[in-house]
Structure formats: C-alpha cells, structure tokens
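A.B. asks: One predicted model, sequence on top.
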Amino acid sequence: MQRRQAMAVALTLLVAVVLTAGCGGDSSEIVARVGSKDITRADLNRRLSELPPFSQQEFSGPEGVLRLLDRMVEEEVLYQAALEKGYARDPEVLDIIEKVTRRAMIQTFYEKEIEGTLVIPEEDIVEFYETSEVAQSDWFNMPARVRFRHIVTRTQAEARRARDRVLSGEPFTDVARDVSIDDKTREAGGLVRTIDRGLGAPDLGIEAELVDQLFAWENGEVTEPLRSKLGWHIVQIEDKREAGRKPLEMVRDTIIKSLRPQHMNRHYEATMEDLRASFGATVNEAAFRRKVRSEEELFTLAQDTEDATKRLSYYSELVYNYPEGEHADEAQFMIGFIQAEELGNTDAARNALERMLQNYPDSELSDSASWLLENLESEPPAFEDEEEAPE
C-alpha cells in the first residue's frame, strides 16, 4: 500500500508533463523517475508504438497514457529491486538470458543471412511466366478496360455543340463543367474511373453497352455523340487497353511469392551445407547404433515373446542395428505384420511394408509383403462354424 501511495505522489508531480505526452513535445523530457533512472517522453512513446493496435487504443488519451506510464514505473521498480537483490548474477536468470540471446541471434541470422540473401534467378521467373499452369490461367489475364471523360447532354444537338467546342481547342474538362448534366462527374471535368469491358458502371448510370462502344476509338480521341439512358454523351478516351496477358512486370512480385518457398528450401539446404562444412559439424551415428545385443539374440527374443509390443521393439532394434543382417528382411516384414494384424495400425504397417519392399526387394517375403499391402484396407474373411454350416 505504501509503495502505491508513494508512486501516486511521484506521478502526481508529473501530471502536467504527462497529460501532453504523445507524438509531440520534447522527446528528451523526463516524465517519470525511479531512483536514478529517468523515463523520458521518447521512452513512453516508444513503448506505446511497440504495443499492438488494440492496446494502443486502450492507452490513448491522457488517462490511458498515465496508466501506461504507471506500468513502466512498476516494471522499473521491480527491475531495480531485482538488481539490488543480486538477481543479475542468479544462475536461473543467466540461463534464461543465454537462451533468449541464442534464439534472438539465430532468428536474426536466419532472417538476414539466409532469407535476406535469397535471390530468385531471372530465368526462373521468366520460365514461370511463360510455361506454368498458373501463368496460363485466367489469373494472369486482364480484361479489356477503358478510362474516359464524358459530357452528358439532354439532346444530340447539344452533344454535337459540346464536341465542336472541344475539337476547336477548348479543354474537355472546362466544357464538361460548363454543360454536362451529369452531377456525379461534372465537377471532376467529366472524369469516369477505369471500367472493364462488358461491365459498365451502374452506380454512375453508365451501361455496359456504352462502354463497349468506346473501344472503337483510340486513346485521346473524342467520340461522336452516343446515346444512353442518361442522355447524349461525347466521350474523350484517356486510356484504353485491350484484353490480354498481364505484362511480366505487373505480376513479377506475385511470381516471386509463388517461387520463393521452393527456392528458399534449396537455398537453406545449400547454406546449411556450407555452414556445416565451415564449422566442421559432424554426427556420430554410431552412438545410436550400439550393438548391445546380437542379431541372433534379438531375433530369438522376438520369436519367443507373446507380447506384440515387445516383439515389435525387438524386431525394430534388430533392423536398426543390423540393417544388412541375415534376419533383417524378415524382421522388417514382421514389423509391418504386427502393426497390421495385431495392433491395427494401418498407416504404420504400410510404412513398414513399403520400406521392406524398398530395402529388401529380393527377399523371399516380398510377395507376402506386397499381398499384405494390397489387402491392408480389406476386412478379414468370415469363417463359418462348421457345425452350423448347411448340409
């Protein structure tokens, strides 16, 4: 309670400063002090900017900023108390610091030295653009579209007079502001947004049929009067683009995003191979293949036990330690058989039998393994009681 009261007093002395804390003001201005540690406006603004958006809203306004400052003061008080108690030398703290530092360094190295150095060759980008199924789909196609200005009049004669004024040299925008009856585009000099062919702009009252007619004119041309539900239009074509494939530069970033994962995998593997060689990294596989029991001992133990899990363990140990042994193929087959017939683990059985066929293709048990694989999903045949079988 006393600590909270003392903190409240300290904060009260700083209210005049903190109420204006935010993006403005002197960034070096001290807004709180704990012992000899000053908390500046810059510290406060930095903490606020590091928060997620929803939390920034929570601490908006003078009262919210004060709550955030109070939290920062509490953290500093706890930190200084921990320093005073000698926790900076505590083995648990040092262990945590080492782990956090290690993770941060690995993450930073990966982002800058591996992700940051990936370069996707230009020829791969071009090949994707020219040959990939994605690039040949509608996703890389663009519709015909046109951007234009128009002047709308009530009569064809008014439209012709407006066209004559434009052709005689008056700016289209000035004539549009002067005579167009289209309230939605008049003040913008008749400008209409880009519209795809076949769509029209219902919110502007522009029909698709009118837009389709505009493709008969070239960029910069002023059309003859055209009729629509709005009235009579004369249109100046600002930009017209026919349908076709998007140019490479328009989709380059999309292609790079598509190619990046597979290139990243190869780049990572190549980088790791170089780093392993550079630092002399080796793995002592023999440490995991210690032949504590002989092949014959393991094979005998597997045959003599009735417990399916134990048999599976013995056969697995045999295959792991003696992959080229006399009983390795049979042990691998039995792993699949036990998984399928005794433990009912179809996926594990399939993996074991496929490995058996791959590693021991010449085994006498290959046919049995193939048959078992083909029938993993089949129900076992039902046997009828001979006494109840019909005569």
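C.D. replies: Perfect, I can see it now. Residues are numbered from 1 along each chain as shown.

A.B. asks: count of neighbours near Phe299?
C.D. replies: Neighbourhood size, Phe299 [other Cβ atoms under 10 Å]: 22. Placement of C-beta: from N, CA and C, glycine included.

A.B. asks: Please disregard the earlier target; I meant Ala32.
C.D. replies: 22.

A.B. asks: tell me which element the residue nearest to it when sequence neighbours are not counted falls in.
C.D. replies: Of all residues not flanking Ala32 in the chain, Ile39 sits nearest, at 4.2 Å (Cβ to Cβ, 6 or more residues apart in numbering). According to DSSP states H and E, Ile39 maps onto strand 37-40.

A.B. asks: which strands and helices sit next to that strand?
C.D. replies: strand 30-34, helix 61-84 (3 or more Cβ pairs under 8 Å, 6 or more residues apart in numbering; DSSP states H and E).

A.B. asks: among the ones you listed, which is the most enclosed?
C.D. replies: strand 30-34 (a mean of 18; mean count of other Cβ atoms under 10 Å).

A.B. asks: count of neighbours near the residue lying closest to Asp239 once chain neighbours are set aside?
C.D. replies: On the basis of Cβ to Cβ, 6+ apart, the spatially nearest residue to Asp239 that is not a chain neighbour turns out to be Arg147, at 4.5 Å. By the measure other Cβ under 10 Å, the count of residues near Arg147 is 16.

A.B. asks: secondary structure class for Arg147?
C.D. replies: Recorded secondary structure, Arg147: strand (DSSP: H, G, I helix; E, B strand; the rest coil).

A.B. asks: close enough to count as contact, it and Val192?
C.D. replies: Yes. Using Cβ atoms under 8 Å, Arg147 is in contact with Val192, at 7.2 Å.

A.B. asks: who touches the residue nearest to Ala32 in this structure?
C.D. replies: Counting by Cβ atoms under 8 Å, 6 or more residues apart in numbering, Ile39 touches Ile30, Val31, Ala32, Arg33, Leu69, Met72, Val73, Glu76.

A.B. asks: Go ahead and confirm the third one touches Leu69.
C.D. replies: Yes. Contact status for Ala32 versus Leu69: in contact at 5.7 Å, counting by Cβ under 8 Å.

A.B. asks: Could you report the neighbour count for the nearest residue to Thr309 once chain neighbours are set aside?
C.D. replies: What sits nearest to Thr309 in space, not counting adjacent residues and going by Cβ to Cβ, 6+ apart, is Leu343, at 7.8 Å. By the measure other Cβ under 10 Å, the count of residues near Leu343 is 13.

A.B. asks: and if you look at Ile106?
C.D. replies: 10.

A.B. asks: do you know how far Ala104 is from Pro225?
C.D. replies: 70 Å (Cβ to Cβ, to the nearest Å).

A.B. asks: Who has more neighbours out of the two?
C.D. replies: Pro225 (19 against 10).

A.B. asks: neighbours around Thr173, how many?
C.D. replies: Neighbour tally, Thr173, other Cβ under 10 Å: 18.

A.B. asks: Okay, and it sits in which element?
C.D. replies: helix 172-179.

A.B. asks: same check, this time on Arg193
C.D. replies: Assigned by DSSP H and E, Arg193 falls in strand 191-196.

A.B. asks: Can you pull the phi/psi pair for His233?
C.D. replies: When read as degrees, to the nearest 10, the backbone of His233 gives phi -110, psi 140.

A.B. asks: and if you look at Asp183?
C.D. replies: Dihedral angles for Asp183 - degrees, to the nearest 10 - are phi -60, psi -30.

A.B. asks: again, but for Glu29
C.D. replies: According to degrees, to the nearest 10, Glu29 has phi -60, psi 130.

A.B. asks: That one contacts Thr40, doesn't it?
C.D. replies: Yes. The pair Glu29 / Thr40 is scored as a contact, 6.3 Å apart, by Cβ under 8 Å.

A.B. asks: Not counting sequence-adjacent ones, nearest residue to Ala352?
C.D. replies: Gly336 (3.7 Å).

A.B. asks: for Ala308, same thing?
C.D. replies: That would be Glu342: by Cβ to Cβ, 6+ apart, it lies 4.2 Å from Ala308.

A.B. asks: burial count for that neighbour?
C.D. replies: Neighbours of Glu342 (other Cβ under 10 Å): 14.

A.B. asks: I'd like to know how far it sits from Asn375.
C.D. replies: For Glu342, the distance to Asn375 - Cβ to Cβ - is 16 Å.
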